[in-house]
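S.K.: got a predicted model here, sequence first, then my questions.
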Amino acid sequence: MICTIEWKDFSQKDWRDRYKKLCQPNLLQSYPYGSTLCRLKGHKMRLGLIKIDEKEAGLALILESGILGNALHAFVLDRGPLWFGGFGIASHSRLFFEQINRQFPRRLGRRRRIIPELNDNEETQNIMKSLGYRRMYGPGYETIWLDLGQSPEELMADMNQNWRRNLKKAKELGLKVVWDSEGQYSPWFLKVHGLDKAKRGYDGPEPDIVKALTEKFAAEGDILLGRAMLNDKAVAAMLILCHGHAATYQAGWSGKEGRTAGAHHLLFFEAFSALKEKGIRDFDLGGVNDKKAAGVKKFKLGSGGKLVKLAGHYT
C-alpha cells in the first residue's frame, strides 16, 4: 500500500468540492479558516490531497511560516488529516504520518506542531511513538460532536433531565431566537462578546480572530448568528460557522438575564433545526476541558452530544 501527498494550488472552489465529501470535517481544516489565519498571522497555507494507491483518500491543510530560506521554519497541522469515506483506518494514518516525517523531518531550526484528528487510544499512541513523534505534556484536545441526522424527538431523548428542564423554562418565559445569516448583527455581537471575554477571562479565540472569521464566513453566507430575545431585548447570543456538511460553535455570550432564563439551552436547541435546514449533518460544539471550563463541558454534554478526545499535541 502506497500513500502520497500531492501539495497543490487548489482554488477555494476545488478545495470546497472535495471538503464536502469528507467524513465529519472540522473547522480548522477548512479553506476559509486557513486563509483567515494566514492573513492575520502571516502564515502560508499548504493544501494536500492524500492518495492511497493512487485513489483520492483525504485532505490535509497545513500552515507554515519561515525565514532565511526556511532555515527557520514553523509547521502546523491542526486536527488533520481528514478522510473520505472508505479511508482513514490505522494503516492509512500510519502511512500519512510517515510521509509527513519524510517531507517535514524534525531538524534544528524547524518547529512542528501536530494535533492529529485521531482518537486518543493505545493504537494511535503506538503509531505516533513508533514513527518518532514526541507527545507534548498535557491532555489531548476534547470536543463534542452532535449528529443532526436525528429527529427532534431523538435529540430531546438524548438530552439529560436538567438540560430539558432548562429548555422548557426558556420556552415558558417566552424567549425567542432570531437568526442572522448575513452578519447584520455581527458588530453588536463582537462588541458584547469581546467585553465579556475581557471581563470574565475565559478561554477561547482572541477577539481579532473571532472578528476576522465572522467577516470571512459571513461574506460567504456560512454563518448563523442567533440572538435569544426576551421582551425585545437580546439576553444571549451564539455564533456558528458552517463548513462543508458540518458546523462549529465558535463563540457565545450570555447576560445575567440570559443565564437565569436558560437562554443558551434554547439557542442550541433552535440551532439544531436551523443547521439541518442548511444541509448541515454534524455539529461540533467546540473544545471542552475539565480544568478551566468544567461547567461548559457539563453543559455541552447535557445536550446529548458525543465526547471525542483526540490524541494530543505532537512535535
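M.R.: Received the coordinates, thanks. Residues are numbered from 1 along each chain as shown.
S.K.: residue 227: neighbouring residues, count only.
M.R.: 22 (other C-beta atoms under 10 Å). C-beta here means a position set from N, CA and C on the backbone, and glycine is covered the same way.
S.K.: would you check that it makes contact with residue 233?
M.R.: No - using C-beta atoms under 8 Å, residue 227 is not in contact with residue 233; the gap is 9.7 Å.
S.K.: for the closest residue to residue 173 other than its chain neighbours, give me phi and psi.
M.R.: The spatial neighbour of residue 173 that comes closest, neighbours along the chain excluded (C-beta to C-beta, 6 or more residues apart in numbering), is residue 261 at 5.1 Å. Note on residue 261: its backbone torsions stand at phi -90, psi 0 [degrees, to the nearest 10].
S.K.: hmm, residue 235 and residue 261 touching each other?
M.R.: Yes - if you go by C-beta under 8 Å, residue 261 and residue 235 touch, sitting 6.5 Å apart.
S.K.: and for those two, which residues touch both?
M.R.: 175, 228 (C-beta atoms under 8 Å, 6 or more residues apart in numbering).
S.K.: where do the strands of the stretch 51-200 of the chain begin and end?
M.R.: 55-67, 72-80, 82-83, 110-116, 142-147, 176-180 (DSSP state E, counting those that start in this stretch).
S.K.: any chance of these in a markdown table, with mean neighbour count too?
M.R.: Shown next, in a markdown table, are these (neighbours: other C-beta atoms under 10 Å):
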| stretch | mean neighbour count |
| --- | --- |
| strand 55-67 | 19 |
| strand 72-80 | 20 |
| strand 82-83 | 24 |
| strand 110-116 | 19 |
| strand 142-147 | 19 |
| strand 176-180 | 16 |
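S.K.: now the ones you listed as CSV including distance to residue 300?
M.R.: Listed next are these as CSV, based on distance: least, C-beta to C-beta, whole Å:
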stretch, distance to residue 300
strand 55-67, 25
strand 72-80, 18
strand 82-83, 22
strand 110-116, 20
strand 142-147, 5
strand 176-180, 18
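S.K.: mind checking which of the ones you listed is nearest residue 194?
M.R.: Nearest of these to residue 194, taken as C-beta to C-beta: strand 176-180 at 17.8 Å.
S.K.: name the strands paired with the closest one and say parallel or antiparallel.
M.R.: Strands that pair with strand 176-180, judged by DSSP bridges, come out as strand 223-230 (antiparallel).
S.K.: residue 51: what's it in contact with?
M.R.: 3-6, 57.
S.K.: tell me the bridge partners for it.
M.R.: Assigned bridge partners for residue 51, using DSSP bridges, are residue 4, residue 56.
S.K.: on the three-state scheme, the residue lying closest to residue 220 once chain neighbours are set aside is what?
M.R.: In this structure, residue 220 finds its nearest non-sequential neighbour in residue 32, 6.5 Å apart by C-beta to C-beta, 6+ apart. Following DSSP: H, G, I helix; E, B strand; the rest coil, residue 32 is assigned to helix.
S.K.: from here on, call the first residue 722.
M.R.: Taking 722 as the first residue, the last one we looked at is residue 753.
S.K.: could you report the neighbour count for residue 753?
M.R.: For residue 753, using other C-beta under 10 Å, the count is 20.
S.K.: isn't it right next to residue 944, touching?
M.R.: No - Residue 753 is beyond contact range of residue 944, at 10.4 Å (criterion: C-beta under 8 Å).
S.K.: mutual contacts of the two, please.
M.R.: In contact with both residue 753 and residue 944: residue 938, using C-beta under 8 Å, 6+ apart.
S.K.: quick one: what helix or strand has the closest residue to residue 907 other than its chain neighbours in it?
M.R.: Leaving aside its chain neighbours, residue 907 sits nearest to residue 935 (4.9 Å; criterion: C-beta to C-beta, 6+ apart). Using DSSP states H and E, residue 935 maps to helix 928-940.
S.K.: re earlier: need the strands of the stretch 772-921 of the chain in a markdown table with distance to residue 997 and mean pLDDT, can you?
M.R.: Listed next are these as a markdown table, based on distance: least, C-beta to C-beta, whole Å; pLDDT from 0 to 100:
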| stretch | distance to residue 997 | mean pLDDT |
| --- | --- | --- |
| strand 776-788 | 25 | 96 |
| strand 793-801 | 24 | 95 |
| strand 803-804 | 22 | 98 |
| strand 831-837 | 29 | 95 |
| strand 863-868 | 11 | 94 |
| strand 897-901 | 13 | 97 |
